[in-house]
Structures are given as C-alpha cells and as structure tokens.
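A.B. asks: sequence isn't available, so here's the structure alone:
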C-alpha cells in the first residue's frame, strides 16, 4: 500500500524517520489530552463560524516491507 493511501481519516504526513515521532511521543507528558490555558478557549473555538480551526497533520511512520512488485 502506498503511504498516501493509508486508512487514516485525519490529515497525516508519511515519514520514514521514526526518530521525531518517538521524540514527540516521549515529550508528551499526557498523551491523548489537550490542555487549555483557559477553559473559555474551548467555547470560543466552538463558536467560530467564519474560519475553520487549523488542522495540523500528524506524523505516521511508514516502512517498506517485502519485495516491491
């Protein structure tokens, strides 16, 4: 399967370098949680109708296995 056809519903960037992905994981003290400096920020974001929030792509490690056909 080519890296641009992976079954992710979110925006992602394929990478063959695992180092930055592992470093990001290790640096995250609470994986899966998004911290807000102000709880009202979440309300303001949900009220935005004029602009879409910026969606940052997440890194996905890819590696070629086996012989290519």
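C.D. replies: In hand now; what should we look at? In this text the structure is predicted, and so the values were computed from the model without any measurement. Numbers count the residues shown, from 1 in each chain.
A.B. asks: quick check: next helix or strand after the helix or strand of the chain with the lowest mean pLDDT?
C.D. replies: Of all regular secondary-structure elements in the chain, judged by mean pLDDT, DSSP states H and E, the least confident is helix 40-47 with a mean of 63. Under the assignment DSSP states H and E, the closest C-terminal helix or strand after helix 40-47 is strand 58-61.
A.B. asks: mind listing what that next one pairs with, with the direction of each?
C.D. replies: When sheet partners are counted by DSSP bridges, strand 58-61 sits next to strand 12-15 (parallel).
A.B. asks: buried stuff in the next helix or strand after the strand it pairs with?
C.D. replies: Using DSSP H and E, the helix or strand that directly follows strand 12-15 along the chain is helix 19-27. Taking 16 or more other CB atoms under 10 Å as the neighbour-count basis, helix 19-27 is seen to contain no buried residue. C-betas here are computed from N, CA, C, even on glycine.
A.B. asks: repeat for stretch 5-22
C.D. replies: Residues of stretch 5-22 classed as buried under the neighbour-count rule (16+ other CB under 10 Å) do not occur.
A.B. asks: avg pLDDT for it?
C.D. replies: For stretch 5-22, the mean per-residue pLDDT is 87.
A.B. asks: got the contact list for it?
C.D. replies: Applying CB atoms under 8 Å, 6 or more residues apart in numbering, the contact partners of stretch 5-22 are 3, 4, 55, 56, 57, 58, 59, 60, 61, 62, 63.
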